[in-house]
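Visitor: structure of the sequence below:
(chains A, B, C, D, E and F)
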Number of protein chains: 6
Amino acid sequence: MRPSGRQPDELREIALTCNYTKHAEGSVLVEFGDTRVICTASIEEKVPPFLKGKGSGWITAEYGMLPRSTHERMGREAARGKQGGRTMEIQRLIGRSLRAALNLEALGERTITIDCDVIQADGGTRTASITGGYVALPLAIRNLMKQRKLRINPIHGQIASVSVGIYNGVAVLDLDYREDCEAETDMNVVMNEAGGYVEVQGTAEGHAFRRDELNAMLDLAGKGIGQLLEHQRAALENCKAG
Amino acid sequence: MRPSGRQPDELREIALTCNYTKHAEGSVLVEFGDTRVICTASIEEKVPPFLKGKGSGWITAEYGMLPRSTHERMGREAARGKQGGRTMEIQRLIGRSLRAALNLEALGERTITIDCDVIQADGGTRTASITGGYVALPLAIRNLMKQRKLRINPIHGQIASVSVGIYNGVAVLDLDYREDCEAETDMNVVMNEAGGYVEVQGTAEGHAFRRDELNAMLDLAGKGIGQLLEHQRAALENCKAG
Amino acid sequence: MRPSGRQPDELREIALTCNYTKHAEGSVLVEFGDTRVICTASIEEKVPPFLKGKGSGWITAEYGMLPRSTHERMGREAARGKQGGRTMEIQRLIGRSLRAALNLEALGERTITIDCDVIQADGGTRTASITGGYVALPLAIRNLMKQRKLRINPIHGQIASVSVGIYNGVAVLDLDYREDCEAETDMNVVMNEAGGYVEVQGTAEGHAFRRDELNAMLDLAGKGIGQLLEHQRAALENCKAG
Amino acid sequence: MRPSGRQPDELREIALTCNYTKHAEGSVLVEFGDTRVICTASIEEKVPPFLKGKGSGWITAEYGMLPRSTHERMGREAARGKQGGRTMEIQRLIGRSLRAALNLEALGERTITIDCDVIQADGGTRTASITGGYVALPLAIRNLMKQRKLRINPIHGQIASVSVGIYNGVAVLDLDYREDCEAETDMNVVMNEAGGYVEVQGTAEGHAFRRDELNAMLDLAGKGIGQLLEHQRAALENCKAG
Amino acid sequence: MRPSGRQPDELREIALTCNYTKHAEGSVLVEFGDTRVICTASIEEKVPPFLKGKGSGWITAEYGMLPRSTHERMGREAARGKQGGRTMEIQRLIGRSLRAALNLEALGERTITIDCDVIQADGGTRTASITGGYVALPLAIRNLMKQRKLRINPIHGQIASVSVGIYNGVAVLDLDYREDCEAETDMNVVMNEAGGYVEVQGTAEGHAFRRDELNAMLDLAGKGIGQLLEHQRAALENCKAG
Amino acid sequence: MRPSGRQPDELREIALTCNYTKHAEGSVLVEFGDTRVICTASIEEKVPPFLKGKGSGWITAEYGMLPRSTHERMGREAARGKQGGRTMEIQRLIGRSLRAALNLEALGERTITIDCDVIQADGGTRTASITGGYVALPLAIRNLMKQRKLRINPIHGQIASVSVGIYNGVAVLDLDYREDCEAETDMNVVMNEAGGYVEVQGTAEGHAFRRDELNAMLDLAGKGIGQLLEHQRAALENCKAG
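Guide: Sure thing, here's the model as predicted:
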C-alpha cells in the first residue's frame, strides 16, 4: 500500500498552468501533487561562445529550490556562493532532455534558457521540471513565430518525464517524498512521444535491482509518460485557445 | 496622470494569501499589483555565533528574485557565485525592519529566517517583502506558541512598508515599475502601527529633492502604510479563523 | 551631554588634505575627528559594458576598511573572498551620491573610480567618504581639463554628507563611534549646495522615531552640511593656489 | 566496424596496478586502453557532520582530470575556483556506487575518500574510476584489518562499471573517445558480482533509443562487467601474494 | 648613475612613525622614500586550529595595496574575490620573517597579526613591510607586558629587510620603482641583528646573475640592513620615551 | 649521516621519462627519488590580454598535487575553491624560471603552459617540476618546428633546479621529505647551463644562516645542477632517437 493510497501505476494529480508569470516568453506552473515548480523559457538573441558563428541555437536549463520549499530550510545557494552537485546534475539533465526535442539549427543563433524554480517540493522535482519545461518551450517558440522571427517550428518531438521506483518490493509510478525516502530503487525516465528513451537514470538506494525489476519500472514509466504527454497537449491547446 | 490611472495617493491592489506553501512555519504570498513575492518564516533552534549563550534570539532575512521575474532575464545569483549589492542591501533592510517588531530576548535562543522570493517584479519588491514578511512572522510565532515552546508573544509592534516618489513633479504612492524608472525621487518608508518611522530611505534619481517634497512623500507614506496595516490585520484574522 | 563634550549641533574637527598620495588623478585625506579616510579619484578611458558607445561617462565608488582601522581587528575582505553587505551598501551610496554632482554625458566615455579607504574609524566613515570623495573628484577633473581632454567642466553641483541621530533623546550632529553605538536613531544625509537632498537614510536602532525627531535631525544635517561645503571649497581653493 | 578494430562485445586492454603510489592506504592505477586513472583510498578517523555520533562510517569520492589529460588543454578547476557540473556529477556517481559495496555501520566512524585522478583520457574515465576505485577500497580495508582497527570486513559486494552505446546502429561495449564522440546513445552501467544493477545511466545523444536497443546494451554491459570483476579479483589476489 | 641621484650603497630616506593609528596594539607608518606602508600588530587571545592546546603562539601577516597606491589603478582584491599570487607570496614572506624574531612558545596561546597596507608604492613594499612590521611587533608586545599578560619578552632577535639589485651592471641598494622596472636582477634580503640571513630571494629579471654579483649584492644588503636596524632602534626608543 | 644514507653531495636517483602522456605537445615524468611529477607542455595559439598584438609569446606554469600524493590527504584545491598560497608561490617560480630559458619574441604570439602535477611527494617537488618542466618545453618546441610553425628555436638556455639545505649542521644536496622537515635552512636554486643563477630562494627554518653556510650550499647546488643538466640532455637525446 502506498502512503498516499494511490495504485502502483497511478500518477499524482497533474496540473499545468500556462502563462503563470507575465514577463517570460513562455511560463508554466507545473504541479505533480504537492510538488510545484515554476518553469519559464527566456529567449536571448545570442549564443554561448562555443557556438558563435556556427548557425546553431542553444537550449540550456537552470534549476533552483526556494530555501523553504523543503521540510527543513536549506541554505540559499546564492548566499553560499555556489550551486551544489545535485543542482548541477539536475539542470544538466533538464537541458539535455529538452535539447532532444528541438532542432538547434532551425532555432537560429538564439539561446533559450529554461528556468525551473521549485516553490514547493514533495518528490519528483526534476521530472516535473522537465515535463513543465517542455510546455514553456513551445510557448516561447510560438512567441518567436508570431513575431515572424522564425518561420519553421524547430520543435520536432515532445518530451515528458516521470520517476519510477521499487517501494516495498513493488514497482510504483511517480514517487512522492515519503516514498522516495524509503524506496529501494529510484529511476528517472525521460521519453518522447514515439516511446523512445531520451534519458534513463536508475539508482539502487538499498539493494541492487534485478533486470525484471528494471523492466517493470520501465513499463510503468512508459504508461505514466503517455498520460503526461496528454496533459501537455491539453495545456498547450488551452493556452492557444485562451 | 499615472500610467496605471491611479490617483497619487492610491495603492495598487493588495493581496496577502496566508499559508501559501506547506512546509514553512509561516508563509504568505504578497501581491502589490503585479509584484508578487513569496515570504516564508523558518524557525531554527539555534542562534548565530555572536549571540550564543546570550539568551537572545535573532531574525534575519534573505531576498532573491527568480531569474525571469523581470522584463529581461537576470543572471541567477547562485550561478554567478555571489549575491549582488542590491540583493544584500535589500535583505539587510528587511531584516532590520522586522527586528524592530519583536523582542529578541522574549524569542529565546532561536533564529527566524524570513525568505522573500520575488516571483514577478513590477516595482516595490522590497516594500512588498517587508509587508509580507511581517505577516509570515506572526504566523510562525503562533506555531511556536501552539507547540508551547513560547508562552509570551515576543511581537510588540506591527510593521509595514511602502514606496513613495516624485513622478512628473507630483508626490505619488506605491510606484510601479514604469513610474519607478522615470521617478525623480524614490523613497522607501517603513513604519509601525504607532506612526513611528523604522526606516526612511530616499534617493534623488534626477534632481535633488526639496524639504517640502520630502514632507509630501512622508504624508503619502503614512496614509498608505495605514491601509497596509489594515490588510495585514485582516489577513492574520482570516488565517486564524481558517 | 555628548561623550566628546561637543554641543548637539557641533561637528567634529574637520580636515581635508589634498594631494595626499602622488599617483591618483585626485586624492584627499579626509578627517572627521578621529575618523580618517583616504579618498582617491582614478580616471580610466573606458566605460562599463552597459554604457559602451552611448557617449556617456561613469562614476563608481569602492569602499574598504583597513583590517585594524577598528577597535577589534576585522577579517580582511580580500582574504575572506568577498565584500560584505555593509561594504556594498556603502560603496553604492557613495557612487550614487557623487553621480548626482556631475553631468555624465559631459564627462565623455570615461570612468572615474572613487576609492575610499578607511585608515582609522571612529564613526561616520561613509559620510566622511562622500565629503572627501567630492573633493577628490574635482581635483581629477582639473587634471583632465589641464590636459585639454575636457573643455567644459562636467561638475554641476557640490555634494557633502553628515550623520545625525537621536542620542539620549536629543538630536545631535556628526556622531562619533561612542554615540553611534548608543544612538536610538541614526540618519545619514547627503545634500547639495542648493540645500536639496540627494540621499536621506534614517534607521531606528532602538525605538521608531517620530516626525518631529526626523525634522530636528534634518535641521541639524542642513546646518552641518553647510559647514562641510565651506571646508570643501576652502580645500579646493588652497590646492589650486598650492 | 569499430575504429579500434575491436569486436562489438570486446573490452579494451584492462590493467590494474596495485600500490601505484606509496602514501595512500590503498592505491591503484587503472587502465582501460589509453584511459589511465590513479585511484587512491584514504582513511580518516572522522565522519562528516551529518553522521557524527551515529555509529556509521562514510565513503565519498572526488574526481579530477589533469589539465592535459585531454586532447585540448582544459582549464584547471583549482585555478578557475570551482568544480564543473560534469566533475560533480561523476564524483557523486563514484561515491554512490562504492557505498553500495560496503556496510557503512561495520566500517565504524571513519571516512574513506576515493580520489580518482585522470592522467590520460580516452573515453570511459568514470567507469574506469569506479572499477579502479573498487580495488583501492579493499586494499585500504586490509590495512585497517592488519592494524586490528576492524575485525569484520565491511565489504559485502563487488562493484565494477563499464560503458555501452549504440555506434553506427550497433550496440558496442566499452567505448573509447572516438566512439564516444559519435555514438547515438551512451550508457554507463554499474553492477555487482550478483548481476544486480547499482546504477544505469543512459543518454540519447542523437536519436532516442528503443527498448530493444536498451536491452542489447544491458546484455553487453553484463558481459563486460563479468570480465572486469575477474580482473579485479586477479589484481587483489596478486597484491595479497606480493 | 641612479635615477634618484643616490650612491649605489645609499638607502632612500627612511622614516618610522610609531603609533600611527590609535586602535592597534602596535602601529607604525614606515616610509622608504615615497613608499609608504601602514603596519599594525593586532593581538588575539586564540591560535589557529593546528596549534590549539600546544602551548604555542602564532604570528601571521597580511598584505594589501590600496587600489590607487600604484601608477595605474589596480583592481581591489576584495572586489575581485581573491588575493593574487603576488600578495600571497609577500604575506607569507613577511610572516616567516617575523616569526624568526620571536619565541612562539614564550608568546603563549596568542596570535599576533601583522597587517601591512601599502598607501603609496614606489618599489620595495615588501622590504618596507618587514622592516616596519618588526617595529609594530615589539610595540604590541610592550602592551601585553604592561598589562602583565606576559612576564618574559618573547622577542629574541631584531629583523630588517632591504632590496638589492643589479642596475646598469652595478650592484645597488634599496631600489625604487624606476630602478626595479629596469633592474637585471632583484634580490630581497632579510637579516637579523647578528648578521644572519633569514631570507634570501634573488630573481634574475634579464640575464642570470653570477656568483660575484650575488656577493656584491649581499655585501650591500648587509650594509643597508645595518642602517635599518639603527632606524628601528631609534624609533622604538623614541616611542618608549614619548 | 643522512636518513637515506646518501653522501652530503649526492643526488637522489633521477629519472626523466619523455612522452609520458600522449596528448600534450611535450610531456615528461620526472622522478627525484620517490618524488614523482608529471610535467606537460601545452601550446595554444594565443597570448594573454596584456601581450595582445605585441609580437611576443608567453610561458606560464601551473602546479598541483594529487590529494593523496602526501602522507596525509590534503583537501583538493578544486573542491576548496581556491589555490593556496604555497601553490601560487610555486607556480610563479616555475613560470619565471622557464621564461629565463627562452626568447619570448622568437616564440611568436603563442602561450606555452607547463603543468606540473605531483603524483607522489617526497620533498623537492618544486625543483623536480622546474627540472622536468625544462624537458617538456623543448619537446613542445620540437613539435612546433616539425610543423614548420617556427623556424628558429627560441630556446637559448638550459635550466635545472635543486634544493640544498643545512641538515644537522652540514650542507646537503637534494633534500628528501625527512630531511626537509628537520633542516635548519632550506634553499632552492635555479641555474642555467652557464652557471648563472636564475633564482636563489633561501629560508632559515630554525636559526638564521651564515654567509659561509650560504656559500657551502651554493657550491653543492652548482654541483647537483651540473648533473641534472646532464640528465636532461640525455633524456632529450634519447627521445629524439626514439
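
Visitor: quick one, the helix or strand residue A:117 falls within and strand B:111-120 angle?
Guide: For residue A:117, the host element (DSSP states H and E) is strand A:111-120. Here strand A:111-120 runs at an angle of 140 degrees relative to strand B:111-120 (axes from the mean of the first three to the mean of the last three Cα atoms, to 10 degrees).

Visitor: let me know the angle separating the helix or strand just after strand A:111-120 from strand A:111-120.
Guide: Downstream of strand A:111-120, the first helix or strand assigned by DSSP H and E is helix A:125-146. Inter-element angle recorded for helix A:125-146 and strand A:111-120: 140 degrees (by the same axes, to 10 degrees).

Visitor: what is whichever helix or strand comes after helix A:125-146 packed up against?
Guide: Using DSSP H and E, the next helix or strand after helix A:125-146 towards the C-terminus is strand A:159-167. Applying 3 or more Cβ pairs under 8 Å, 6 or more residues apart in numbering or on different chains; DSSP states H and E, we find strand A:159-167 packed against helix A:85-99, helix A:125-146, strand A:170-173, helix A:177-182, strand A:185-192, helix A:211-241. Any C-beta I mention is one placed from the backbone N, CA and C, and that applies to glycine too.

Visitor: could you dump the ones you listed into CSV with mean neighbour count and mean pLDDT added?
Guide: Formatted as CSV, those follow (neighbours: other Cβ atoms under 10 Å in any protein chain shown; pLDDT from 0 to 100):
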stretch, mean neighbour count, mean pLDDT
helix A:85-99, 22, 97
helix A:125-146, 24, 96
strand A:170-173, 21, 97
helix A:177-182, 15, 95
strand A:185-192, 25, 97
helix A:211-241, 17, 95
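
Visitor: distance to residue C:201 added to those, as TSV?
Guide: Converted to TSV, the helices and strands packed on strand A:159-167 look like this (distance: least, Cβ to Cβ, whole Å):
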stretch	distance to residue C:201
helix A:85-99	36
helix A:125-146	40
strand A:170-173	56
helix A:177-182	44
strand A:185-192	50
helix A:211-241	46
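
Visitor: and of these, who's closest to residue A:44?
Guide: Of all the helices and strands packed on strand A:159-167, helix A:125-146 sits nearest to residue A:44, with 10.9 Å by Cβ to Cβ.

Visitor: any idea of the angle the closest one forms with helix A:85-99?
Guide: Going by the same axes, to 10 degrees, helix A:125-146 makes 40 degrees with helix A:85-99.

Visitor: tell me what residue A:160 is bridged to.
Guide: Note on residue A:160: beta-bridge partners by DSSP bridges are residue A:191.

Visitor: thought it was touching residue A:230?
Guide: No: counting by Cβ atoms under 8 Å, residue A:160 does not reach residue A:230; the two are 9.3 Å apart.

Visitor: excluding residues flanking it in the chain, which one is nearest the one residue in chain A that gets nearest to chain C?
Guide: Across chain A, the shortest distance to chain C (Cβ to the nearest Cβ) belongs to residue A:81, at 7.3 Å. Excluding the flanking residues, the one nearest residue A:81 by Cβ to Cβ, 6 or more residues apart in numbering or on different chains is residue B:81, at 5.3 Å.

Visitor: shouldn't the one you found be in contact with residue A:79?
Guide: No: applying Cβ under 8 Å as the test, residue B:81 and residue A:79 come out as separate, 10.9 Å apart.

Visitor: list the contacts for the one residue sitting closest to the centre of chain A?
Guide: With the centre of chain A defined as its mean C-alpha position, the nearest residue by Cα atoms, centre = their mean is residue A:130, 1.0 Å away. Counting by Cβ atoms under 8 Å, 6 or more residues apart in numbering or on different chains, residue A:130 makes contact with A:93, A:94, A:97, A:98, A:159, A:160, A:161, A:190.

Visitor: quick check: it vs residue A:94, distance?
Guide: Separation of residue A:130 from residue A:94 (Cβ to Cβ, to the nearest Å): 5 Å.

Visitor: what's near enough to touch the closest residue to residue A:172 other than its chain neighbours?
Guide: Nearest non-adjacent residue to residue A:172, counting by Cβ to Cβ, 6+ apart: residue A:8, 4.7 Å away. Neighbour list for residue A:8: A:2, A:170, A:171, A:172, A:173, A:220 [criterion: Cβ under 8 Å, 6+ apart].

Visitor: got the phi and psi for residue A:8?
Guide: phi -50, psi -30 (degrees, to the nearest 10).

Visitor: surely residue A:45 and residue A:110 touch.
Guide: Yes: counting by Cβ under 8 Å, residue A:45 does reach residue A:110; the two are 5.7 Å apart.
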